[in-house]
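Peer 1: this one's structure only:
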C-alpha cells in the first residue's frame, strides 16, 4: 500500500475516531445526568425545544452520523483537503456533545434551550481543527511519481481530410452511487431530530452531492477536445481543449486498492496527475502540453484516444 496515501486516509479518519471516542466517554461520564428523553430540535433562536428523541436513539444516531462522515472522508479525501475532514469532525462532534450538555439534569425536555452561541463554539472548534488538519499535510509527501508515462506515439483513427467525427460514452460507478445515497439520506433523515437542521445536513451534502454527480458520467471526444461531465447535467464538467492536448493513450488502471495508480474512486489528485476514477479497467489518459496528465476510466478508451490524437494532430498540436 502506498505509504503517503495510507497516511492521508488515516489522518482523515482520526478526527472522527476522536469525536466518537469523546462522545462515548461523555455518555458514560454523564450517564446518571442524561434524561431518558432529550430535546434535540429547537426553534430558530434555540429558545424553545420542539423536537425530542430517546436517549438510546440519539446515541445511535449521533455515532452513526459520525461513522458515515468518517467513511466518506476516508474514501474520498486527498492531501490538500485533509483540513476539511478535521473541520467537519470538529463541527459535527461539538454540536452533538452540546446537545447532550444542554439536556443534562433536565426534568422537562420541553423547557430545554440551546443558545445560538453553541453554533459559534462549534465553528470555533472546527476552525482550530482545520488548522490541525492543515498542519498534518506537512507530514505527507505532496505526491508520487507519475508512474507509467503516457505513450508518446498513441493510437490514431483514420479520417479523411473533410471528415469530422465525435465519440461519446457513458459509464457509471456503483460504489460512488451508494456512498452518495448514504451520505445524503442519513443526514437529511435526521434533520427533524437534530439542531440546527441545515448545518447538520451540510457535511452529508458536501460528500453526497459530488458522489452522486460522479456516479454516472459521460465522456466526449470531439473538435473541442475531451469533456467529462455528469450524465444528467452539463455541469460541473472537466474539459481539456484540443490546443492543450500533447497526446492521448490508453492505460489499464486498478483503483480497487490504494497502493496503485490513482488509489480510489471519484475525483483524484496524485502528484501532477488528476483523474475521474469510476472503476478499474481501461482509461483514457490525456497528456497536456504542461506535462500534467488527466485520466478517466471509460469503456472503449482506445477509440477515444485514437480519435483525440487524430483531432489534435489535425489541430496542429501533435
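Peer 2: Looks like it arrived, so ask away. Nothing here was measured: the structure is a model prediction, and the numbers come from that model.

Peer 1: check what pLDDT residue 231 gets.
Peer 2: Residue 231 is assigned a predicted lDDT (pLDDT) of 86.

Peer 1: going forward, count from 735.
Peer 2: Understood, numbering begins at 735; the last thing we discussed is residue 965.

Peer 1: how much space between it and residue 998?
Peer 2: 21 Å (Cβ to Cβ, to the nearest Å). For glycine as for every other residue, the C-beta is placed from the backbone atoms N, C-alpha and C.

Peer 1: quick one: which of the two has more around it?
Peer 2: More crowded of residue 965 and residue 998, by other Cβ atoms under 10 Å: residue 998, with 21 against 12.

Peer 1: would you say that one is within a strand?
Peer 2: No. Assigned with DSSP: H, G, I helix; E, B strand; the rest coil, residue 998 falls outside any strand and is coil.

Peer 1: contacts only, for residue 942.
Peer 2: 913-918, 921 (Cβ atoms under 8 Å, 6 or more residues apart in numbering).

Peer 1: tell me if it really is in a strand.
Peer 2: No. Looking at residue 942 with three-state DSSP, it is helix, so not inside a strand.

Peer 1: quick check: mean pLDDT across stretch 847-859?
Peer 2: 89.

Peer 1: for the host helix or strand of residue 772, which residues meet the burial criterion?
Peer 2: When elements are assigned from DSSP states H and E, residue 772 belongs to strand 771-776. Neighbour-count burial for strand 771-776, counted by 16 or more other Cβ atoms under 10 Å, picks out 771-776.

Peer 1: again with stretch 777-791
Peer 2: Buried, per 16+ other Cβ under 10 Å, within stretch 777-791: 780, 783, 785-787, 789.

Peer 1: in strands, which of those residues appear?
Peer 2: 783, 785-787 (DSSP state E).

Peer 1: how about CSV for these, with distance to residue 951 and pLDDT added?
Peer 2: Shown next, in CSV, are these (distance: Cβ to Cβ, whole Å; pLDDT from 0 to 100):
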residue, distance to residue 951, pLDDT
783, 44, 82
785, 39, 81
786, 43, 87
787, 39, 88
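
Peer 1: can you pick out the most distant pair from those?
Peer 2: 783 and 787 (10.7 Å; Cβ to Cβ).

Peer 1: and the residue lying closest to residue 978 once chain neighbours are set aside, what pLDDT?
Peer 2: Residue nearest to residue 978 in three dimensions, not counting chain neighbours: residue 1022, with 5.1 Å by Cβ to Cβ, 6 or more residues apart in numbering. pLDDT, residue 1022: 91.

Peer 1: next: residue 770.
Peer 2: 93.

Peer 1: what does it show for phi and psi?
Peer 2: Dihedral pair for residue 770: phi -70, psi -30, per degrees, to the nearest 10.

Peer 1: correct me if wrong: it contacts residue 791.
Peer 2: No. Residue 770 is beyond contact range of residue 791, at 10.6 Å (criterion: Cβ atoms under 8 Å).

Peer 1: related to what we said a few turns ago, just the closest of the buried residues of stretch 777-791 to residue 906, please.
Peer 2: Looking across the buried residues of stretch 777-791 and measuring by Cβ to Cβ, the closest to residue 906 is residue 787, at 36.6 Å.
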